[in-house]
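> The following comprises the amino acid sequence and a computationally predicted model.
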Amino acid sequence: MSFPKIASLKDYAAFLTHLETLGLDLPVDEQVTQGPAAPLAAGLVAGSYKIGNRFCILPMEGWDGDHAGLPSDLTRRRWRNFGDSGAKLIWGGEAVAVRPDGRANPNQLMLLEANIGAIESLRHELENAHQERFGSTDDLLVGLQLTHSGRFARPNAKTTPEPRIAYRHPLLDRRVGVEDDGPLLSDSDLDQLIDDFIAAGVRAQQAGFAFVDVKHCHGYLGHELLSAYDRPGKYGGDFTGRTRFLREIVAGLAAEAPGLSIGVRVSVFDFSPYHPGADRIGEPDTTGDYRYAFGGDTTGLGIDLTEPSRFLRLLSELGISLVCTTAGSPYYNPHIQRPAAFPPSDGYQPPEDPLVGVARQLHATAQLKQQHPELIVVGSGYSYLQDWLPNVAQAMVLTGSVDSIGLGRMVLSYHDLPADVLQGKSLTRKRVCRTFSDCTTAPRNGMVSGCYPLDPFYKDRPERQRLLELAKTNG
Ligand SMILES: Cc1cc2nc3c(=O)[nH]c(=O)nc-3n(C[C@H](O)[C@H](O)[C@H](O)COP(=O)(O)O)c2cc1C
Ligand code: SF4
C-alpha cells in the first residue's frame, strides 16, 4: 500500500484535491497571516498566566539522560531548541518519571529530590534561549510532564520490560511478558504512587515550573487506569473508580503545592493493538468485542467520545483548565498516535493514508473543544501535515476547533518553525519533518533519539550509520 507523499502536492489546489479524494474535510486556509494580528499570534490566558501565541511544544523525550535520571548535553540542547522555537507554551518538555520503577527506559529523567537543581537548570536553559531570541519570557508558560510508565516501564535495561500494570489485558500482557498477577499494582501500591506523584509535583514547583502535566496518555499507567473497567477495588470499575488516581493526585497537589497549576495530557481515544500483517501492513489484533479502549466504541476500530468528554468535564470541575489531547499509544497502535509515512523499525506499514490519522485526531479534538469551550485545549498529531501544517493550524484556531497547536516531531527537525510562521517567512523545505520515524526507531534500538535524517547535528552522529543499515534490513 502506498500513499501520495505530501511533498509531491505542489500547491493548495493539489492539497485540497488530495483531501477530497480521501473524503476528509479538514479546515485549511490558503494564506497564513503574519504579524501581531495573525490568528496564530493571538494570546491566551490560563489563570494568572499569559501564553503569547498559539504554538505549543509537545513533550518529547530523547532517551539521553543518565542512569541517575539527570539530563545530558543532548537533553540540554533539545530544551534550548524548545525555548528558541518561538512557541509560547511548553507542554512538559519531556516525560519525567516520578520514581525509578516508572521509567520507560534507563535513560529517562527522574524528578527525585537530588535532581531538582538539574531539572530546574533545564527550565533555565529553555527560558534563557527564549529570552535571548524573543526578548521576554513574560508570556511563556512552561510545565513539566510527570509520568509512571506502568505497563511499558523498562527502568533498568532497554531490552527488559518490567511492567507494573493496572489490570490483566488479554492482548497486551503477552507483548510485555506478563504471565501472572505479579506485575499488578495493588490498591496500596497505587496509594503510594499517588504520594510519589504529589512529591514530584512539589519538586516541580520548587524547580520553578508553572504547571505539571499528570500524564494520562499513550498506554502508560494513568491512561491504563482510565480503561480499568474490570479492575476490582477503588481504582477501577466505574468512572469514579477509574479517575480516582487523578483526583487524589490533584487534591494532594492542591494541599501540598498551592499555586501550582495542573494540566492533563490524555489519549482521548484508543483502538485495538495492531501488528504487522501481510506485507507488513498494520492489522488490528482484534476486530471483535474490544472493551479496553478509553474513548473507543468497543469494536477496537472506532471512537466514542462520551467518556473522554465526561473526563474533560471532570477536569473543569477540579479547576484544571489546561488539556492536551492525543490518541492511542506509540507501542501498540502508532499509526493513530503519530501518523507517519514510514514506520519505525518495530512498527508496521500504515494501514491508511496517514492524513486520515491526522484528521481523526483533529476532529476528535474539535468535538471536545466545542463541548468544553472553557478549557484551553492543545491539539497533537500535526507533523504529518508537513508543508501544510501552518495552513491547517491557522484554520483550526480560527474555527475554534482548538486553542493551541501542539508540535512534536516537527520540532526535532525544524525547531523554530513557529518563529518562521509567525514572521511570515516561507518554510525551509529541507527542514520539514517527512515522518521518516528515525526519532522513534533509534530509541527502539537502544540509541538516543533525534532527527538523524534532517538535523545536521544528528546527521553527523555515529548512530546514523546503524539506522541506515536498519532501514535496509527492514526494506
Ligand atoms: C521522539 C519522541 C518522543 C516522544 N516523547 C513523548 C513524551 O515524553 N511524552 C509524551 O506525552 N509524548 C511524547 N511523544 C509524542 C509527541 O508528544 C506527539 O504526541 C507525537 O509525536 C504526535 O505529534 P506530531 O505529529 O507533531 O509528531 C514523543 C514523540 C516522539 C517522536
Ligand atoms: S527523524 Fe526527523 S524527519 Fe523523521 S520523523 Fe523524526 S523528526 Fe521527522
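Cool, got the structure. Ligands and ions are numbered 1, 2, ... in the order given.

> Can you tell me how far the nearest residue to Gly282 once chain neighbours are set aside is from ligand 2?
Once flanking residues are discounted, Gly282 sits nearest to Tyr348: 3.7 Å by CB to CB, 6 or more residues apart in numbering. Every C-beta, even on glycine, is put in place using the N, C-alpha and C of the backbone. Using CB to the nearest ligand atom, to the nearest Å, Tyr348 is found at 16 Å from ligand 2.

> Equivalent analysis for Glu307, please.
From Glu307 to ligand 2 the distance is 31 Å (CB to the nearest ligand atom).

> and what of Asp438?
For Asp438 relative to ligand 2 (CB to the nearest ligand atom), the value is 4 Å.

> can you give me phi and psi for that residue?
With angles defined as degrees, to the nearest 10, Asp438 sits at phi -60, psi -30.

> Give the full set of residues in contact with the residue lying closest to it once chain neighbours are set aside.
The spatial neighbour of Asp438 that comes closest, neighbours along the chain excluded (CB to CB, 6+ apart), is Tyr452 at 4.5 Å. Shown in contact with Tyr452 (CB atoms under 8 Å, 6 or more residues apart in numbering): Asp438, Cys439, Ala442, Tyr458, Lys459, Arg461, Glu463, Arg464, Leu467.

> I'd say Leu172 and His275 touch.
No: using CB atoms under 8 Å, Leu172 is not in contact with His275; the gap is 11.6 Å.

> So between these two, which is more surrounded?
Neighbours per residue (other CB atoms under 10 Å) separate Leu172 from His275, with Leu172 holding more: 22 against 16.

> Can you verify that one is assigned to a strand?
No: under DSSP: H, G, I helix; E, B strand; the rest coil, Leu172 falls outside any strand and is assigned coil.

> how close does it sit to Pro344?
18 Å (CB to CB, to the nearest Å).

> Could you do Phe457 as well?
Counting by CB to CB - Phe457 and Pro344 are separated by 21 Å.

> How many residues are close by Leu260?
Quick note: Leu260 (other CB under 10 Å) scores 18 neighbours.

> ok, it to Leu58 distance?
21 Å.

> and if you look at Glu463?
23 Å.

> Among these two, which residue is more densely surrounded?
Higher neighbour count among Glu463 and Leu58: Leu58, with 29 against 17, using other CB under 10 Å.

> Phi, psi for the more buried one please.
Backbone torsions for Leu58, taken as degrees, to the nearest 10, come to phi -80, psi 160.

> got it, and Ser413?
phi -90, psi -30.

> what's stretch 461-471 in contact with?
So stretch 461-471 is contacted by Ser345, Asp438, Thr441, Ala442, Asn445, Met447, Val448, Gly450, Tyr452, Tyr458 (CB under 8 Å, 6+ apart).

> Need the three-state assignment for the first one.
By that I understand Ser345. coil.

> was I right about Arg78 contacting Met60?
Yes: assessed by CB under 8 Å, Arg78 is found in contact with Met60 at 7.4 Å.

> Export stretch 374-381 to PDB, keeping only CA atoms.
Presented in PDB, the C-alpha positions along stretch 374-381 are these (Å, rounded to 0.1, in the frame of the first residue of the first chain):
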ATOM      1  CA  GLU A 374     -14.000  26.800  29.000                       C
ATOM      2  CA  LEU A 375     -10.800  24.700  28.600                       C
ATOM      3  CA  ILE A 376      -7.600  25.600  26.900                       C
ATOM      4  CA  VAL A 377      -7.200  22.700  24.500                       C
ATOM      5  CA  VAL A 378      -3.900  21.900  22.900                       C
ATOM      6  CA  GLY A 379      -4.000  19.500  19.900                       C
ATOM      7  CA  SER A 380      -1.500  17.000  18.700                       C
ATOM      8  CA  GLY A 381      -0.700  15.000  15.500                       C
END
